[in-house]
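> sequence first, predicted coordinates after that:
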Amino acid sequence: MDEKKKAVRAYHRNVGIVIGLILLVFLIIPVFVKSPYILNIFVLVFYISTLSMAWNLLGGMTGQNSLGHAAYMGLGAYASCLLITNTGANPWVAAIFGMIVVGLVAGVIFYPCFILRGPYFTLVSIAFGEALRQFIINSSFFGRASGIGLPFGKDSWLDFRFGSKVPYYYVGLVMVILIYLLMKKIERSRMGYALRTIREDEDAAAAMGINPTRYKIMAVVVSAMVAALVGFYYACYIRYIDPELMIQAKSTESVLPAVVGGAAYVEGPLVGGLLMIPLSEFLRAKYSAMLPGINMLLYAIVLLIVIRFRPSGILGWYMHSRVKTFIDTKILRKPSVEILEEVEFSVSHGRKEA
Amino acid sequence: MADTPIIEVKHITKRFKGLTAVKDVSFSIREGGITGMIGPNGAGKSTTFNMICGYYPPTEGQIFFRGKDITNKKAYEYTKMKIARTFQIMKPLKNLSVLENVAASTYFGHDPARNERDAKERALELLEFTGLYDKRHVLAKDMGTPDQKRLEMARALGTKPELLFLDENMAGLNPAETEEAIRLIRRINESGVTIFLIEHIMQAVVSLCEEVIVLHHGEKIAEGTPSVVMNDPNVMEVYLGKKEGSHA
């Protein structure tokens, strides 16, 4: 027993070391990489992956495919920008304000919609995004089609305003990590189990004592609030927003990292984002000068290949691959599942029934 | 044993548009026992079952749980009242492992698990109890019918019920598997859970139930101990056809 405990502890330590190393790499990247172009790509990876994690809570974990996440993000950006420009509020306060507004709007709008199941929910989410965009284009309070700019000025943490991309890099990194931890926490909680049960079978969920509508609303609200946070981050980074932020293509952009990375996993959007966004930027830089649009074509081809041959995403493949077996046994020295369970759970498997 | 029955059904009727599926059925379930409901196809067993489980409300009539009216309770309010059910057509959480299937249910009910570790420990214990321990890491969709049926029971037990509804839990099992299922149901009952089951398989009903209710064409035609019910002329007529000469 003692030896088993040691093995498990060693394994946890090894995992910790690997995670620590990955974090360290991300922490020192800005020290060595000075190109604003490359840093910009990392910032894109950070906020699009976060948006994709928000989508994944609803699409991957709950099985409710939303195509309206650009609208939540846009609305979050607008709510916080309007508060800043109209009242001079502190941006960090405005971020919380934006999240609350979007959470309320999403909850109220989708409460009646959850009588709808499956594709109908998706259709409502598209309609919601487009209706919101049209409303903003036609409302002078929202600055119509010309958008809203945030005030420029001296670098300041208080105003979340910088000339350099490095502070945005670090804030983005923190945002990714915090939202990842939140999603991981949700996955293991009662809510996470409820959402996955609803995804698999709503009748079975109800028979267990899960109120499907209540949990779906919770998922929409949390997901929309995270999207709103991303909207705030985007607005402070670009310092200008317009209704184009909410076009349908942007919603699709939030789905791709999760689907490519593996929507069944909390880590899926991170893996997908880390691969697909640099790829997309690389293709644009390298090929768009040759023939306009060729980069989009190549991107689409890569996407089709992934979805055709790895429908459960990159992680879906990795989890059952020899690569994982190799890493687990040779590098992390992972003990067998039986040993892990024996150490973790106080349930002895001795009184087995005949 | 309490004097008031754990479930009392009073004159329930269910009409679907023009069709009356269940007509004025009343019965009660004794606390601590195993009560069965039988009847030929289309007799209204599943409709009755679904009404008692809150899947849909009866058109008329009332259902009482320990003297409390629960007629219009929603399906998801049942596990809080310590009532759980299984489904005739199994509804496993296909893409989750057997362990996760049961862990999910331990998070709900009147005494929910506090955290994932607690949930998994409770689930492992139930898997041990139902004989699914060795398959705990198999995805639910990759298991055969007998194991999925057992998983239905394990998952229902995850909510710590005091009353368990089993909807044709032995349909599609071979005689040996049926025998095993009977043993499991008896053990569940012995652990203090009142059981109400619908079943087609006579052998199971006769050997398990102390009390049997027979439905036919949506109406209750007999009730009593298995031997009384099996010798009831109405029941014999329904299952075996009319006796020659008994009818003019």
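Yep, that arrived. These numbers were taken from a predicted model, which means no experiment stands behind them.

> residues near whichever residue of chain B sits closest to chain A, how many?
Ranked by CB to the nearest CB, the top residue of chain B for proximity to chain A is residue B:79, at 3.2 Å. Quick note: C-beta positions are derived from backbone N, CA and C, even for glycine. Look at residue B:79: counted by other CB atoms under 10 Å in any protein chain shown, it has 25 neighbours.

> how about it, nearest residue that isn't a chain neighbour?
Nearest non-adjacent residue to residue B:79, counting by CB to CB, 6 or more residues apart in numbering or on different chains: residue A:209, 3.2 Å away.

> returning to what we had before: thought the residue of chain B closest to chain A was touching residue A:206?
No. Using CB atoms under 8 Å, residue B:79 is not in contact with residue A:206; the gap is 9.5 Å.

> does residue B:150 count as helix, strand or coil?
Three-state call for residue B:150 (DSSP: H, G, I helix; E, B strand; the rest coil): helix.

> give me every residue in chain A lying close to chain B.
A:188-190, A:193-194, A:196-197, A:200-201, A:203-212, A:264, A:337, A:341, A:344-347, A:349, A:351-353 (CB under 8 Å from any CB of the partner chain).

> how does it look with 6 Å?
Applying CB under 6 Å from any CB of the partner chain, we find that chain A lies next to chain B at A:188, A:190, A:193, A:197, A:200-201, A:203-204, A:206-211, A:345, A:347, A:353.

> what's the longest helix in chain A?
Longest helix of chain A, by residue count under DSSP state H: helix A:2-32.

> which parts of it are buried?
Residues A:7, A:8, A:11, A:30 are the ones in helix A:2-32 that count as buried (16 or more other CB atoms under 10 Å in any protein chain shown).

> what about the residue nearest to the last one when sequence neighbours are not counted, how many residues nearby?
Nearest residue to residue A:30 in three dimensions, chain neighbours excluded: residue A:166, at 4.7 Å (CB to CB, 6+ apart). Other residues near residue A:166 number 17, with proximity taken as other CB under 10 Å.

> got the confidence number for residue A:166?
You'll see residue A:166 listed with a pLDDT of 94.

> ok, it to residue A:176 distance?
16 Å (CB to CB, to the nearest Å).

> now distance to residue B:108 too, for the buried residues of helix A:2-32, in CSV please.
Formatted as CSV, the buried residues of helix A:2-32 follow (distance: CB to CB, whole Å):
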residue, distance to residue B:108
A:7, 35
A:8, 30
A:11, 32
A:30, 46
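
> which among those gets closest to residue B:48?
Nearest to residue B:48 among the buried residues of helix A:2-32 is residue A:8, at 50.9 Å by CB to CB.

> in this structure that closest one contacts residue A:343, no?
Yes. In this structure residue A:8 lies within contact range of residue A:343 using CB atoms under 6 Å: 4.6 Å.

> give the other helices and strands that the longest helix of chain A contacts.
helix A:166-188, helix A:337-344 (3 or more CB pairs under 6 Å, 6 or more residues apart in numbering or on different chains; DSSP states H and E).

> show me what the longest one is packed up against.
Helices and strands touching helix A:166-188, as assessed by 3+ CB pairs under 6 Å, 6+ apart, comprise helix A:2-32, helix A:36-56.

> run through who's touching the shortest one.
Meaning helix A:36-56. A:69, A:165, A:168-169, A:172, A:175-176, A:179, A:183, A:223, A:226-227, A:230, A:233-234, A:254-255, A:257-258, A:263, A:269-270, A:273-274, A:277-278, A:281 (CB atoms under 6 Å, 6 or more residues apart in numbering or on different chains).

> now the angle from the helix or strand following that helix to helix A:36-56?
Sequence order places helix A:69-87 as the next helix or strand after helix A:36-56, per DSSP states H and E. With axes from the mean of the first three to the mean of the last three CA atoms, to 10 degrees applied, the angle from helix A:69-87 to helix A:36-56 works out at 110 degrees.

> may I see the buried residues of helix A:69-87?
Residues A:69-84 are the ones in helix A:69-87 that count as buried (16+ other CB under 10 Å).

> give the rounded mean pLDDT of it.
94.

> ok, residue B:132 - contacts?
Each residue near residue B:132 by CB under 6 Å, 6+ apart is listed here: B:98, B:150.

> what about it, distance to residue B:150?
As judged by CB to CB, residue B:132 and residue B:150 stand 6 Å apart.

> next: residue B:125.
15 Å.

> among the residues of chain A next to chain B, which ones are in helices?
Reading helices off the residues of chain A next to chain B with DSSP H, I get A:188, A:190, A:193, A:197, A:200, A:203, A:204, A:206, A:207, A:208.

> so the second one sits against residue B:105, correct?
No. Between residue A:190 and residue B:105 there is no contact, the gap being 11.1 Å when judged by CB under 6 Å.

> which residues do the two both contact?
By CB under 6 Å, 6+ apart, residue A:190 and residue B:105 have no common neighbours.

> the two - which one has more neighbours?
residue B:105 (32 against 20).

> where does that one fall, secondary structure wise?
Assigning secondary structure by DSSP H and E places residue B:105 in helix B:98-106.

> next, the angle from the next helix or strand after that helix to helix A:337-344.
Using DSSP H and E, the helix or strand that follows helix B:98-106 in sequence is helix B:116-130. Here helix B:116-130 points in a direction 120 degrees away from that of helix A:337-344 (the same axes, to 10 degrees).

> so for helix B:116-130, mean pLDDT?
94.

> got it, and stretch A:37-46?
The pLDDT scores in stretch A:37-46 average 95.

> how about that stretch as CSV, C-alpha atoms only?
What follows is stretch A:37-46, C-alpha atoms only, in CSV (Å, rounded to 0.1, in the frame of the first residue of the first chain):
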residue,chain,number,x,y,z
TYR,A,37,3.0,40.4,-34.9
ILE,A,38,3.8,37.1,-33.1
LEU,A,39,2.6,38.5,-29.7
ASN,A,40,-0.7,39.5,-31.5
ILE,A,41,-1.1,35.9,-32.6
PHE,A,42,-0.7,34.7,-29.0
VAL,A,43,-3.3,37.3,-27.8
LEU,A,44,-5.6,36.0,-30.5
VAL,A,45,-5.0,32.4,-29.3
PHE,A,46,-5.8,33.5,-25.7
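
> in that stretch, what counts as buried?
The neighbour-count check on stretch A:37-46 (16+ other CB under 10 Å) flags A:39, A:41, A:42, A:43, A:44, A:45, A:46 as buried.

> what pLDDT does residue B:41 get?
83.

> my bad, should have said residue B:56
Note for residue B:56: predicted pLDDT of 91.

> and residue A:135, by the same measure?
The score at residue A:135 is 93. That number is its pLDDT.

> skipping its backbone neighbours, what lies nearest it in space?
Distances taken as CB to CB, 6+ apart place residue A:142 nearest to residue A:135, at 7.7 Å, with adjacent residues excluded.
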